[in-house]
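J.: What would the 3D arrangement of this be:
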Amino acid sequence: MSKEILLNAFEMTSAMHNSHGLWKHPENKRHKGYKDLDYWIDYAKLLEKGKFDAIFFADVLGVYDVYQKSKAPSIRDGLQVPLNDPALLISAMASVTENLSFAITVSTTYEQPFGNARRFSTLDHLTKGRIAWNVVTSYLPNAARNFGLEDMIKHDERYNIADEYLEVSYKLWENSWEDGAVVEDIGTDTLVDPEKVHEINHEGQYFKVEGPHLSEPSLQRTPVIYQAGTSERGRDFAAKHAECIFVGGPTAKRIRFYADDIRERAKKHGRNPEDIKIFSFLNVVVGETTEEAEQKFEEYSKVWSSDAAKAQYGASGYDIAEYEELDPGLPFEYTKSTEGGHYKAATLTKDAPKKLTVGEVLNRFESPDRGSYIVGSPEQVADGIQAQFEESGVDGFNLNHLVTPGDLEAFVEMVVPVLQERGLYKKEYSKGTLREKLFPHGESLLPSDHPAAKYRRVLAETNQ
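T.: Numbers count the residues shown, from 1 in each chain. Below is the predicted model:
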């Protein structure tokens with residue numbers, strides 16, 4: 001098979017990620033290790049051993065407080081809190097790896113583009129071109145209040161801000177410094193040629209930035225752009241800007257629908273859809289035998305926290321507690337719109353394979369959704385991954401894990417060799433930057449049909 005699976009480990013620098021209540025499992029080390037640099041160094045070495053393409057760090061800027069109109073359920077079960085800054089780990093993890101890449105989530109809603117551009121240029125330098133930016137617009141009401149706002153900015157308005165934020169970023173990365181600006185000319189006492197470093201003088205609706213960019217160009221200039229969004233506005237934003245797009249859905253058919261839609265939208269933006277990689281989520285529990293894997297899953301279910309799962313659903317803007325007193329036989333439906341994450345809300349309505357009742361929805365939070373997990377022996381798990389890969393048409397997966405690092409270690413030791421034997425997964429890394437690894441026929445820089453390319457000074461001078 002010519003097409004190989006791309007694989008990211010889905011992570012947060014927090015006590016818990018999507019493993020609700022699993023801190024109680026005796027083999028889970030993450031709630032103690034997440035604040036220890038050695039933990040993350042060992043983690044990076046494990047992922048490189050397993051030939052993972054990247055570690056993908058999700059991030060939030062507030063506490064989930066929609067469920068029960070309280071922060072307590074989230075805090076009690078460590079739902080993405082306590083949480084550290086993922087960017088500060090990257091240098092250490094990069095220093096013990098050669099090929100593992102790093103995707104970091106940063107919101108365009110609450111941070112200024114000038115400082116963020118320097119952060120990613122620095123990381124791209126230090127990792128030798130192994131950095132990516134997961135662009136998000138933020139969906140937590142508490143995050144808005146943490147940055148001085150009374151209410152969340154409306155959903156589509158957040159994407160308008162993000163559009164201009166990326167425009168500013170592209171100008172800083174692609175336009176501010178010419179190639180060859182660092183001349184190191186002792187004869188003229190010139191380290192950097194001032195004629196080749198330029199202000200960007202951006203004045204827009206949301207941002208005003210003079211420049212120049214403070215960092216010289218890195219290997220990729222612009223980091224690889226990741227994005228996730230299944231709303232109308234989110235899909236169009238992803239199709240315009242993103243190189244790697246995360247698509248969720250309850251079935252392979254629904255995932256393929258979103259993937260095909262995004263690629264068609266990319267064509268309308270003048271982009272080659274082959275320059276987009278589609279990822280979906282992968283949930284795996286593997287054991288030496290089917291029985292061992294099923295026993296693991298049963299053990300995980302016993303310590304699962306339904307309150308934490310319901311609290312995380314609050315990212316949609318809807319409080320599941322409001323449905324807990326209703327007749328369980330009633331159809332589940334929303335009675336209002338919210339400015340929360342549309343993709344999260346859709347999982348129980350338009351993206352569900354059938355119309356759900358209130359009781360069916362509430363039951364989904366009581367334990368890990370068995371239907372969304374591939375549970376079994378190494379061969380059975382590989383069969384499930386292969387089927388999902390081929391039926392959905394995705395390019396790769398974000399791998400979740402309930403017990404860390406045990407589930408990842410089991411995946412690397414047991415599942416990776418089977419996928420490699422089938423020709424579904426690489427046996428060796430390819431050379432180059434992250435962008436070159438993802439798009440072997442390309443180069444370190446963004447392709448010429450990407451919207452960032454129009455800001456490149458060499459192109460601008462050619463068109464004058």
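J.: Residue 99: neighbour count?
T.: Counted with other CB atoms under 10 Å, the neighbours of residue 99 add up to 18. All C-beta spots, glycine's among them, are computed from the backbone N, C-alpha and C.
J.: surely it meets residue 429?
T.: Yes: applying CB atoms under 8 Å as the test, residue 99 and residue 429 come out as touching, 3.9 Å apart.
J.: Overlap of the contact sets of the two?
T.: Shared contacts of residue 99 and residue 429 (CB atoms under 8 Å, 6 or more residues apart in numbering): residue 437.
J.: In the stretch 251-400 of the chain, where is pLDDT below threshold?
T.: 341-343 (pLDDT under 70).
J.: Now do stretch 332-349: distance from first to last residue.
T.: End-to-end distance for stretch 332-349: 8 Å, by CA to CA, to the nearest Å.
J.: Give me the distance between that stretch and the centre of its chain.
T.: What separates the centre of stretch 332-349 from the centre of its chain is 21 Å, taken as CA atoms, centre = their mean, to the nearest Å.
J.: where do the strands sit along the stretch 51-200 of the chain?
T.: Secondary structure of the stretch 51-200 of the chain by DSSP state E, counting those that start in this stretch: the strands cover 54-57, 101-107, 131-136, 182-185, 190-192.
J.: Quick check: which helices or strands does the longest strand along the chain pack against?
T.: Criterion DSSP state E: the longest strand present in the chain is strand 277-286. The criterion is 3 or more CB pairs under 8 Å, 6 or more residues apart in numbering; DSSP states H and E, and the helices and strands that strand 277-286 contacts are strand 6-11, strand 244-246, helix 252-268, helix 290-302, strand 374-376, helix 378-392, strand 396-400, helix 406-410.
J.: and among those, the most buried is which?
T.: With neighbours defined as mean count of other CB atoms under 10 Å, these peak in mean count at strand 244-246, which reaches a mean of 28.
J.: And it, what does it pack against?
T.: Contacts defined by 3+ CB pairs under 8 Å, 6+ apart place strand 244-246 against strand 224-228, strand 277-286.
J.: and the closest residue to residue 162 other than its chain neighbours, how many neighbours?
T.: Ranked by CB to CB, 6 or more residues apart in numbering and with sequence neighbours excluded, the top spatial neighbour of residue 162 is residue 108, at 4.1 Å. By the criterion of other CB under 10 Å, residue 108 has 24 neighbours.
J.: Check residue 108 and give its pLDDT.
T.: At residue 108, the predicted lDDT confidence score is 96.
J.: In contact with it, which residues?
T.: Per CB under 8 Å, 6+ apart, neighbours of residue 108: 135-137, 158, 161-162, 165-166.
J.: Between the helices and strands packed on strand 244-246, which one is closest to residue 29.
T.: strand 277-286 (17.2 Å; CB to CB).
J.: Direction included, what does that closest one pair up with?
T.: strand 244-246 (parallel), strand 374-376 (parallel), strand 396-400 (parallel) (DSSP bridges).
J.: Using a markdown table, please lay out those together with distance to residue 225.
T.: Converted to a markdown table, the strands paired with strand 277-286 look like this (distance: least, CB to CB, whole Å):
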| stretch | distance to residue 225 |
| --- | --- |
| strand 244-246 | 7 |
| strand 374-376 | 29 |
| strand 396-400 | 16 |
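J.: Of all these, which one comes closest to residue 351?
T.: strand 244-246 (14.1 Å).
J.: What's the mean pLDDT across that closest one?
T.: 95.
J.: quick one: that strand to chain centroid distance?
T.: 8 Å.
J.: again with stretch 387-398
T.: Once both centres are worked out by CA atoms, centre = their mean, stretch 387-398 turns out to sit 16 Å from its chain's centre.
J.: Which residues does that stretch contact?
T.: Here stretch 387-398 has contacts from 3, 5-10, 53, 56, 246-247, 252-253, 255-256, 259-260, 277-282, 374, 385, 424, using CB under 8 Å, 6+ apart.
J.: and if you look at stretch 30-45?
T.: 13-17, 19, 23, 29, 55, 78, 82, 84, 89, 92-94, 96-97, 100, 404-405, 408.
J.: Map the structural domains onto the sequence of the protein.
T.: 6-303+371-462, 305-366 (automatic domain parsing).
J.: starting at the chain centroid, how far to the longest one?
T.: What that stands for is domain 6-303+371-462. The answer for domain 6-303+371-462 is 4 Å, by CA atoms, centre = their mean.
J.: Identify the residues contacting the residue sitting furthest away from the middle of the chain.
T.: The centre of the chain is farthest from one residue, residue 187, which by CA atoms, centre = their mean lies 47.5 Å away. Listed by CB under 8 Å, 6+ apart, residue 187 has no contact partners.
J.: Let me know the pLDDT of it.
T.: On pLDDT, residue 187 comes in at 96.
J.: Kindly report the same for the one 5 residues further on.
T.: Looking at residue 192, its pLDDT is 97.
J.: cool, the one 10 residues further on as well?
T.: In the predicted model, residue 202 carries a pLDDT score of 98.
J.: What distance do you get for it to residue 457?
T.: 15 Å (CB to CB, to the nearest Å).
J.: the more surrounded of the two?
T.: residue 202 (18 against 15).
J.: For the more buried one, grab phi and psi.
T.: When read as degrees, to the nearest 10, the backbone of residue 202 gives phi -80, psi 130.
J.: Excluding residues flanking it in the chain, which one is nearest it?
T.: Distance criterion CB to CB, 6+ apart; nearest residue to residue 202, sequence neighbours excluded, is residue 209 at 4.6 Å.
J.: Please look at residue 415 and residue 385 and confirm they touch.
T.: Yes: contact criterion CB under 8 Å: residue 415 and residue 385 qualify, at 7.4 Å.
J.: shared neighbours of these two, anything?
T.: Common neighbours of residue 415 and residue 385 (criterion: CB under 8 Å, 6+ apart): residue 284.
J.: hmm, back to that, with respect to burial, which of the domains of the chain scores highest?
T.: domain 6-303+371-462 (a mean of 19).
J.: Who are the contact partners of the residue nearest to residue 251 when sequence neighbours are not counted?
T.: Nearest non-adjacent residue to residue 251, counting by CB to CB, 6+ apart: residue 353, 5.8 Å away. Residue 353 is in contact with 250-251, 254, counting by CB under 8 Å, 6+ apart.
J.: can you redo the residues you listed as a markdown table with distance to residue 436?
T.: Shown next, in a markdown table, are these (distance: CB to CB, whole Å):
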| residue | distance to residue 436 |
| --- | --- |
| 250 | 34 |
| 251 | 33 |
| 254 | 32 |
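J.: out of these, who's nearest residue 344?
T.: Nearest to residue 344 among those, with distances taken as CB to CB, is residue 250, at 12.7 Å.
J.: so what pLDDT did the closest one get?
T.: 78.
J.: for it, helix, strand, or coil?
T.: At residue 250 the chain is in coil, as set by DSSP: H, G, I helix; E, B strand; the rest coil.
J.: Distance-wise, check it relative to residue 198.
T.: From residue 250 across to residue 198, the span is 49 Å (CB to CB).
J.: what comes into contact with stretch 209-222?
T.: So stretch 209-222 is in contact with 113-114, 117-118, 121-122, 124-125, 128-129, 131, 168-174, 176-177, 179, 181-182, 192, 197-202, 433-435, 444-446, 452, going by CB under 8 Å, 6+ apart.
J.: Cool, thanks, signing off.
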